[in-house]
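Undergrad: My questions concern the predicted model and sequence given below.
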Amino acid sequence: MAHNYLSYTLQIHDYLMELKRLLQPYDTSQEVSEWLDDIARMNEKLENMRFQVAVVGEFKRGKTSFINALLRKAILPADVVPATATINRITYGNVPSSYIYWKDGRPAEKIEIDQLADYITKLTDQSAMKASSIKEAVVQYPCRFCENNVDLIDTPGMNDDDDMNRVTIRQLSDIDLAIVTLDPNFPVSNTESRFIAQLVESDQICQIVFVVSKMDTVFKGQRERLLKTIEDRLRNSVGEILRASHEEGSAVMLKYRSLLSSPVLFPISSTQALYAYEMGDQQAFEESGFQRLTNELLPLIIRTQHSAAILTPLRTILRILHDFKEQMEEWRKMTALEAKRTALKKRFGEAAYESRLDRDRIWKDCADRLARCRRERSQAVYNTLLRASSRFSVREAIIAEMKTVFPQIRDELRQEEYDSYAWIWDEYFRPVGGTLKRVLTQIADEAGYGITGEIEGELSLLERQNPLPPHLCVPESFFWEASPVPPENMPGGQRPYLVDNAVRESFDTYYKRREKRLSEFLDNTIAEHEKAVGNLVRKFFQCATPRFQQEYQKVEEEERMILIARMDRLETGCYTTEKEYTTHINTD
């Protein structure tokens, strides 16, 4: 058996690694990440054979008292009102000890066993507050049921309150064998039936055992009939719930028939067993039902422990494969080729982003250029007029000079404005077209795209486009805001100030109007340019050659068929191994 078990574990480890390889290309999905976590958990289960036996059921069904009877000592606190408020794990230890593990990740706290009631119950407001912060309590105890990596888990009662329900439900994914405690006075309620159906549906749980507690409260003459009623209710009520959502012949229904056609049922009295053990009364211990339970439950745990280590990973693999196949069509876009296509699209986007124009930087350069022109132009005009104002006939000399200077100023300013727009275009806009063309051509060559003549024409147009919108083709006019001609009777020392003020005011006003036009030009031109670049990049990306599109679809389909074939082989292998192992253990 040991040799066969080792060969099965090695085989399942290979299955898990193959499934991991199939899923890893899609690990960006949250669901796939959770499946990969399941695979890691199954590998750990194969390696350490850790086996979780949880005692579950509705509140006040005697769960904690039952565990105390298994331990043969009242270790865990129990009460006549619902008491358990945390997950309590009993693990093997030569020296009895207990530890509290906190939800916030702080170091585990070692406490005395007789202090447990202050932490894990809700018997007082203070203990309930502590319990809400506890992840689990771990008690190490020399219990024969906990040998060989078996943990006994005490859970809060179902239907006590919503918080306790959530604590227990979260634990289901880690349970291998469930011991369900039932009350003989209220056997198999509707909520218990629904909860047991959840246990059957769980991939993790391989065996369900039923314990009917408090049998000392039932007359001996009624016990056999009561147990038969409980068996029938378990079979019928749980079966009815499962048939509503599972087809006959499905894995869940097969598991249901295996576990509940003839359920494992132990009628016991925990209080009587504890008393008998303390008093050394063997006959009372047998009457409590614990002698039979001890004789049969431990071998059952050992058998189920080996089966769980084999069958649970197999069923987990099959579940993941089933779900993966259902969603594979949606995830086809996440193949390596699609990732490459997405990366190319991102590069095109980056190319467009790199081609954007920095408006602030351009404006700063243009404003500096305008300020320099204003200083040089106003200084030149001031010097010319100042020379004229030094003549004997000042008024006539400046008027005569202005007739010559003004047309010249107007023509030079007009040319200066045209030159400024041309300079902006040559310095900032025109290079973008060449850069974009070079980048897109490089990307196209790498991807196997073809650049059409239409796109080449639009790229060239980016370099040749007229920088001036129609309304800017008419230059800004220059006017004298104040006359530079001094009155005849103005003293000679005041004439330069008048000329300077007139020239400064006139050119300042003119260049402010130029700045406004320039700002409008930049806003409009940058917006149009970025729109043209964006449209061009999108069009370029969409214009993949038909050859590339066909090759993409062909390779994608080939990869999909290979993936399906690998999943089918893995699924067949799992089913074959499960069947072989089930036959093997049934033969043994």
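TA: Yep, that arrived. Quick caveat: nothing in here was measured; it's all calculated off a predicted structure.
Undergrad: So which residues make contact with the strand ranked longest in the chain?
TA: As assigned by DSSP state E, the longest strand anywhere in the chain is strand 134-141. Strand 134-141 has contacts (C-beta atoms under 8 Å, 6 or more residues apart in numbering) with 71, 75-76, 86-93, 95-103, 108, 113, 116, 119-120. The C-beta positions use only the backbone N, C-alpha and C, and glycine is treated the same way.
Undergrad: Just the buried residues from those, in PyMOL please.
TA: Selecting only the buried entries of those in PyMOL, with 16 or more other C-beta atoms under 10 Å as the criterion:
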select buried, resi 71+75+76+86+87+88+89+90+91+92+98+99+100+101+116+119+120
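Undergrad: what residue is smack in the middle of this structure?
TA: Gln30 (5.1 Å; C-alpha atoms, centre = their mean).
Undergrad: distance of that residue from Gln327?
TA: 12 Å (C-beta to C-beta, to the nearest Å).
Undergrad: Likewise for Val405?
TA: With C-beta to C-beta as the criterion, Val405 and Gln327 are 81 Å apart.
Undergrad: Compare these two (neighbour count), which wins?
TA: Val405 (17 against 13; other C-beta atoms under 10 Å).
Undergrad: Give the closest residue to that one in space, chain neighbours not counted.
TA: Spatial nearest neighbour of Val405, excluding adjacent residues (C-beta to C-beta, 6 or more residues apart in numbering): Thr384 at 5.8 Å.
Undergrad: Give the burial count for the one you found, as a bare number.
TA: With other C-beta under 10 Å as criterion, Thr384 counts 19.
Undergrad: ok, now Glu112?
TA: The number of residues packed near Glu112 is 10, by other C-beta under 10 Å.
Undergrad: my read: it touches Ser98, true?
TA: Yes: the criterion here is C-beta atoms under 8 Å, and Glu112 meets it with Ser98 at 7.2 Å.
Undergrad: Specify the beta-bridge partners of the closest residue to Ser97 other than its chain neighbours.
TA: Of all residues not flanking Ser97 in the chain, Gln140 sits nearest, at 4.9 Å (C-beta to C-beta, 6+ apart). Partner residues in beta bridges with Gln140, using DSSP bridges, are Thr91, Ser97.
Undergrad: Gln140 - how many residues pack around it?
TA: So Gln140, with other C-beta under 10 Å, has 18 neighbours.
Undergrad: and if you look at the one 4 residues further on?
TA: Other residues lying near Arg144 total 13 when counted by other C-beta under 10 Å.
Undergrad: domains in the chain, as residue ranges please.
TA: Taking automatic domain parsing as the reference, the chain has its domains at 57-159, 344-544.
Undergrad: Let me know the average pLDDT across the first one.
TA: Here the mean pLDDT over domain 57-159 is 82, rounded to a whole number.
Undergrad: Likewise for the last one?
TA: With pLDDT averaged residue by residue, domain 344-544 scores 70.
Undergrad: Report the buried residues of stretch 248-257.
TA: Buried residues in stretch 248-257 (16+ other C-beta under 10 Å): Val252, Met253, Lys255, Tyr256.
Undergrad: If anything else comes up later, I'll come back, but that's it for now.
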